[in-house]
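**Q** using only what follows, build the 3D model:
(2 chains)
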There are 2 protein chains.
Amino acid sequence: MKQLLLGTRNLGKIEEIKHLLAEVEGLTLLTFSECPFSEVDEIGETFLENALLKVRAVSCETGFGVLAEDAGLEVAALGGEPGVRSARYSGVPVDHVRNNELLLKRLEGVEDRRARFVTVAALRLPDGEVFVTTGILPGRIATAPAGGGGFGYDPLFLPDGGTRTLAELGIEEKNRISHRMQALRRMRPILQDLADV
Amino acid sequence: MKQLLLGTRNLGKIEEIKHLLAEVEGLTLLTFSECPFSEVDEIGETFLENALLKVRAVSCETGFGVLAEDAGLEVAALGGEPGVRSARYSGVPVDHVRNNELLLKRLEGVEDRRARFVTVAALRLPDGEVFVTTGILPGRIATAPAGGGGFGYDPLFLPDGGTRTLAELGIEEKNRISHRMQALRRMRPILQDLADV
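**A** Sure thing, here's the model as predicted:
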């Protein structure tokens, strides 16, 4: 496999993935601008189901090998919510500020603030072969937002071992520990393997 | 993660996996003799579904991280059959000789003999994280069985680029190219990652 289509329309994610996979030799990354594909309904009940839905739909539609991911926040005291509903927690269209407000409200007076960010990355080849990797960033939910970087729940998320939220970390520091980076880094030797064939 | 349970009762597979994962430092492999688990019904419609069924059931029952795989033979002219029914193609209990006879009968007079062995390996951690890797060995179906090594459809399977069936290859040569080994080799950096944490 020498060409791989990124199954996302998110320009920020595309940049991150391109950066991380730059050192995979012999692999050309395509995006939706070179090879358009339809929107995929993320109706799965787990990140794994959604990631598999996305790569199956896009690779069947385009005939390319496809890499995609699904990610979200799981809060222990909320039984894993918002989970697959992280982006649309407070409704659609997606509104990060309202999502953060809703999360704080649900956790009012709750002492157990444990939470984790989860990414499930999936790769599907045109012949149906599937690969899956995961990344987890454990942490806890702050009592008030802080920081202007990142996106989504980053202003409320305190990674374990630190006192600053993800939105307060520099992009390099965030990428070093992030759930998405962990999942993609684990995909790298698999992609190199496939690019070598 | 320092301990990993192998989700198979097949002693041959256990030996192969132990051999291949020996170089993952800091990881102890457990088997059903140290940590018993119930039989899992393989009712999935794809290798991926079956592999995920197995690791989910065994890891939920035992609380350990679990590695398991599902594998089989896909024949192009039979639309991918026997596929997930490879072992019980001619009925239960599993009878490899009758399976081979049935496959030859179905392919009588068929010119397109293309086939491939597929393995999907799945790893599930106690917290629900899932990893999946795949291995494929392309080849074709011979017109008569040959060789006394291997098992299953090996006497009928001619790997691409050679003239001997898998059952005629030595165990080392088979392991070098086998679908199972490819899938497990791709799991190795992921396991090393997890063992390091």
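**Q** once you drop chain neighbours, what's closest to the most centrally placed residue in chain A?
**A** Residue closest to the mean C-alpha point of chain A, counted by C-alpha atoms, centre = their mean, is residue A:71 at 3.7 Å. Excluding the flanking residues, the one nearest residue A:71 by C-beta to C-beta, 6 or more residues apart in numbering or on different chains is residue A:119, at 4.1 Å. From N, CA and C alone the C-beta is placed, and that goes for glycine too.
**Q** same question, residue A:42
**A** Leaving aside its chain neighbours, residue A:42 sits nearest to residue A:50 (4.6 Å; criterion: C-beta to C-beta, 6+ apart).
**Q** so the one you found makes contact with residue A:84?
**A** Yes. Counting by C-beta atoms under 8 Å, residue A:84 is a contact partner of residue A:50 at 6.0 Å.
**Q** what do those two both touch?
**A** Each of A:42, A:44, A:70 lies in contact with both residue A:50 and residue A:84 under the rule C-beta atoms under 8 Å, 6 or more residues apart in numbering or on different chains.
**Q** do I have it right that the second one meets residue A:52?
**A** Yes. Checked against C-beta under 8 Å, the pair residue A:44 and residue A:52 is within contact range at 7.4 Å.
**Q** mind checking the SS state of residue A:77?
**A** What DSSP: H, G, I helix; E, B strand; the rest coil gives for residue A:77 is helix.
**Q** swap in residue A:102?
**A** State at residue A:102, reduced to three classes by three-state DSSP: helix.
**Q** contacts only, for the closest residue to it other than its chain neighbours.
**A** The shortest distance from residue A:102 to any residue other than its chain neighbours is 4.6 Å, reached at residue A:90 (C-beta to C-beta, 6+ apart). Residues counted as contacts of residue A:90 (C-beta under 8 Å, 6+ apart) are A:98, A:99, A:101, A:102.
**Q** for the last one, give its distance to chain B.
**A** Residue A:102 sits at a distance of 24 Å from chain B (criterion: C-beta to the nearest C-beta, to the nearest Å).
**Q** picking that back up, ok but the residue nearest to the centre of chain A is inside a strand, no?
**A** Yes. Residue A:71 forms part of a strand when assessed by three-state DSSP.
**Q** report pLDDT for it.
**A** Reported pLDDT at residue A:71 in the predicted model: 94.
**Q** looking at it, it is touching residue A:182, isn't it?
**A** No. Residue A:71 lies out of contact with residue A:182 (C-beta under 8 Å); the separation is 11.0 Å.
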